[in-house]
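Trainee: next input, structure requested:
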Amino acid sequence: MVEDLYYKGKVLEAQVLIETIEDKNEDLYYLGYQIYIKLDDLNNANKYLQKALELNENKYTDEGDQLGELINDLKNANKTLTSGFINEAIQESKILVNKYKNNSICYYRLGYAYKENKDYDNAIINFNKAKDLNPYNSTYQDEIRYISNIEMLKGKEYYDLKDYQMALEHFNKALEYDPVNSAAMFRIGNIYYAIKDYLKAVNILEEGLKINTTNYKVLYMVSKCYVALNETEKAFSFLDKTIEVKPDYLNAYFEKAKLYKSQSDIDMAIKHLTDIINIDDSYYRAYELLIDIEVSRNDLNQAITYGNKALLASPTAYTILGRMAAVYNEKGSYEKARDNAKLSLKSKKNYAPALFELGISEMNLCNKIAAKDAFNKCKRDRNYRRTASDYLKPDNFDYYTKHCN
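Mentor: Okay, here's the model as predicted:
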């Protein structure tokens, strides 16, 4: 049974099974030696080979000598490295690689010496050679991932500084070192999304999902890419996958609501927004969209109802307060509009939408100086610059305040 597993390439299973057999014969000891050689566990390989030699000294003498020589050579090279003579250790390891051309441990030791010398390109070459020769030992892939993650950390530093070009170089290097590093793929995708190259973003993100299929944040990011690419069906599909993996991820429900709204399916949009609020009544973005929907339908009273519910859950939500100011201005309730705008600005100073609504309300309440002050502050925001400047033009301002004379 152990032999069948070994010859079928199920070396790890064979190793587990052989350890359970208490009464071993010569063949099993030799097989154990072969198994542990495959796993690059020279200590256990030597232990099993010595047991086989005790039972049949002549048959395994040559292999015993070869294993002893290999162990001794590796110890000498390791001693050089641990003594701090890295360049000398590299040269000794190169000799071992030439002497034991098909031994993965020798390539691993050479790769490790290169790693200690921070020559990561050559380290990766040798770790990959070791992995190719022996796919059963996870140490080699671990070393590859370790070096890949060094580049990941460098990339993250540049990403946090918004230096996307340098970040991309390091993330691509991480992926070059470890082509199955899904985290690197996801980071690269985030950069392409940030610079609005949505097609490249979605391509690399989906490659990562082939390796890690259950990362709900990546599934969500792919959906956002498809939204930007106007591929609505694919966007819905990935949002559904996101929710399947993480049913309580409210951002996915919110994105679906926005998509339904963009498709003019207002009932489904409201349903999803209501579902969000039922799960978490402090998710104020859902209220924002509900208010916007009701304003677009000219149902200002319902917009105010949603706004009041939002403020019960989050009394200082400045975006909600800003929207409430806009709704009250639309209704002609200028004092309430002013009060909500001021509360919004109390939570977030110089919030342009609230400044604009404050300008409108103060203007209609004939508080001309306060109105001009609000519009002047508001026009610092490029999105409101033109509109606020138009209100400040003397002829326009006089027209809108003619009721004050």
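Trainee: next one: residue 218, what pLDDT does it get?
Mentor: Reading off the confidence values, residue 218 has pLDDT 95.
Trainee: no wait, residue 5
Mentor: For residue 5, the model assigns a pLDDT of 75.
Trainee: that one sits in which helix or strand?
Mentor: Element membership for residue 5 (DSSP states H and E) is helix 2-7.
Trainee: what do you get for residue 241?
Mentor: Using DSSP H and E, residue 241 falls within helix 232-245.
Trainee: buried residues in that helix?
Mentor: Burial within helix 232-245, assessed by neighbour count using 16 or more other Cβ atoms under 10 Å, is assigned to 234-236, 238-239, 241-243, 245. For every residue, glycine as well, the C-beta is placed using N, CA and C.
Trainee: then stretch 362-379?
Mentor: By neighbour count with 16+ other Cβ under 10 Å, stretch 362-379 contains the buried residues 362-365, 367, 370-372, 374-375, 377-379.
Trainee: I'd like the next helix or strand past the strand or helix carrying residue 35.
Mentor: Secondary structure assignment for residue 35, by DSSP H and E: helix 26-38. Per DSSP H and E, the first helix or strand lying C-terminal to helix 26-38 is helix 42-55.
Trainee: that following helix to helix 26-38, inter-axis angle?
Mentor: Inter-element angle recorded for helix 42-55 and helix 26-38: 160 degrees (by axes from the mean of the first three to the mean of the last three Cα atoms, to 10 degrees).
Trainee: all further residue positions should be reported with the first residue as 236.
Mentor: Noted, 236 is the first residue going forward, which turns the last one into helix 277-290.
Trainee: quick one: name whatever helix or strand follows helix 277-290.
Mentor: Toward the C-terminus, helix 277-290 is succeeded by helix 296-317 as the next helix or strand (DSSP H and E).
Trainee: who touches the helix or strand following that next one?
Mentor: The helix or strand immediately downstream of helix 296-317 is helix 321-334, counting by DSSP H and E. Outside helix 321-334, the residues that touch it by Cβ atoms under 8 Å, 6 or more residues apart in numbering are 308-309, 311-313, 315-316, 338, 341-342, 344-345, 348-349, 351-352, 361.
Trainee: ok, the closest residue to residue 416 other than its chain neighbours to residue 573 distance?
Mentor: Distances taken as Cβ to Cβ, 6 or more residues apart in numbering place residue 383 nearest to residue 416, at 5.1 Å, with adjacent residues excluded. Distance of residue 383 to residue 573, computed by Cβ to Cβ, to the nearest Å: 57 Å.
Trainee: next: residue 449.
Mentor: Going from residue 449 to residue 573 by Cβ to Cβ gives 50 Å.
Trainee: those two: who's more crowded?
Mentor: When neighbours are counted by other Cβ atoms under 10 Å, residue 449 and residue 573 differ, and residue 573 comes out ahead with 24 against 11.
Trainee: which ones are touching that one?
Mentor: Under the criterion of Cβ under 8 Å, 6+ apart, the contact partners of residue 573 comprise 560, 593, 596-597, 600.
Trainee: okay, these in CSV with distance to residue 584 next?
Mentor: Listed next are these as CSV, based on distance: Cβ to Cβ, whole Å:
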residue, distance to residue 584
560, 15
593, 12
596, 18
597, 17
600, 22
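Trainee: mind checking which of those are in helices?
Mentor: The helices in this structure, assigned by DSSP state H, contain 560, 593, 596-597 from those.
Trainee: closest to residue 422 out of these?
Mentor: Distances from residue 422 to the ones in helices among the contacts of residue 573, taken as Cβ to Cβ, are shortest for residue 560 (40.1 Å).
Trainee: my understanding was that the closest one contacts residue 579; is that so?
Mentor: Yes. Between residue 560 and residue 579 there is a contact under Cβ atoms under 8 Å: 6.5 Å.
Trainee: any common contacting residues for these two?
Mentor: Overlap of the contact sets of residue 560 and residue 579 (by Cβ under 8 Å, 6+ apart) consists of residue 589.
Trainee: which one of those two has more residues nearby?
Mentor: When neighbours are counted by other Cβ under 10 Å, residue 560 and residue 579 differ, and residue 560 comes out ahead with 31 against 26.
Trainee: now for the more buried one: which residues touch it?
Mentor: For residue 560, the contacting residues are 572-573, 575-576, 579, 589, 592-593, 596, taking Cβ under 8 Å, 6+ apart as the criterion.
Trainee: got it, and residue 485?
Mentor: When contacts are counted by Cβ under 8 Å, 6+ apart, residue 485 is found next to 511, 514-515, 518, 521.
Trainee: quick one: pLDDT of it?
Mentor: Looking at residue 485, the pLDDT reads 96.
Trainee: can I see the domain layout of this structure?
Mentor: 237-368, 551-640 (automatic domain parsing).
Trainee: re earlier: adding pLDDT, write the contacts of residue 485 out as TSV.
Mentor: Output for those, formatted as TSV (pLDDT from 0 to 100):
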residue	pLDDT
511	94
514	91
515	92
518	92
521	95
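Trainee: tell me who's in contact with residue 532.
Mentor: Residue 532 is in contact with residue 501, counting by Cβ under 8 Å, 6+ apart.
Trainee: ok, it to residue 459 distance?
Mentor: Plainly put, residue 532 is 27 Å away from residue 459 if you go by Cβ to Cβ.
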